[in-house]
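**Q** here's my sequence, what's the structure:
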Amino acid sequence: MQVSSVARVAKTSDGKAVMEVAGRPAFELNPVALSIWTKLTSGHSLPEISSQIAAEFGAPEGVTARDVQRFVKQLKDHLLVYDDN
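**A** As a prediction, this is how the structure comes out:
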């Protein structure tokens, strides 16, 4: 999975994480979304991310797999990530 070069995460002055697209704030990220994004940018696969999120947040892997898939779909819908092929 590839991450768009126009998207990046920035911290606001109040400590929140905001995804900027082409330099403009677009999404506020909760801790789970921030962790997923960070793992995507590091090149982890979706199954790896789901497993790591489950361990990191103490959630069942079935739940984290759905959450990861849902967030990645939103990112794809906004053209912020895309499949390698």
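
**Q** count the neighbours of A59 for me.
**A** Using other C-beta atoms under 10 Å, A59 is surrounded by 14 other residues. The C-beta positions use only the backbone N, C-alpha and C, and glycine is treated the same way.

**Q** now S13: phi and psi?
**A** Note on S13: its backbone torsions stand at phi -60, psi -20 [degrees, to the nearest 10].

**Q** now do it, the pLDDT please.
**A** If you check S13, the pLDDT there is 81.

**Q** so I49 touches T41, yeah?
**A** No - counting by C-beta atoms under 8 Å, I49 does not reach T41; the two are 11.0 Å apart.

**Q** what's near enough to touch the residue nearest the centre of the chain?
**A** By C-alpha atoms, centre = their mean, the chain has its centre lying nearest to W37, at 2.6 Å. By C-beta atoms under 8 Å, 6 or more residues apart in numbering, W37 lies in contact with V9, M19, L29.

**Q** is it part of a helix or strand, or is it coil?
**A** Secondary structure, DSSP: H, G, I helix; E, B strand; the rest coil: W37 is helix.

**Q** ok, L46 touching Q69?
**A** Yes - at 7.1 Å, L46 counts as touching Q69 under the criterion of C-beta under 8 Å.

**Q** residues in contact with the top helix by length along the chain: which ones?
**A** Looking across the chain with DSSP state H, the single longest helix is helix 61-77. With contacts defined as C-beta under 8 Å, 6+ apart, helix 61-77 is touched by 1, 32-33, 36, 40, 46-47, 49-51, 53-54, 57, 81-82.

**Q** ChimeraX command to pick out the buried ones of these?
**A** A single ChimeraX command is used to select the members of the contacts of helix 61-77 judged buried by 16 or more other C-beta atoms under 10 Å:
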select :1,32,33,36,40,49,50,51,53,54,81
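
**Q** alright, calling it a day.
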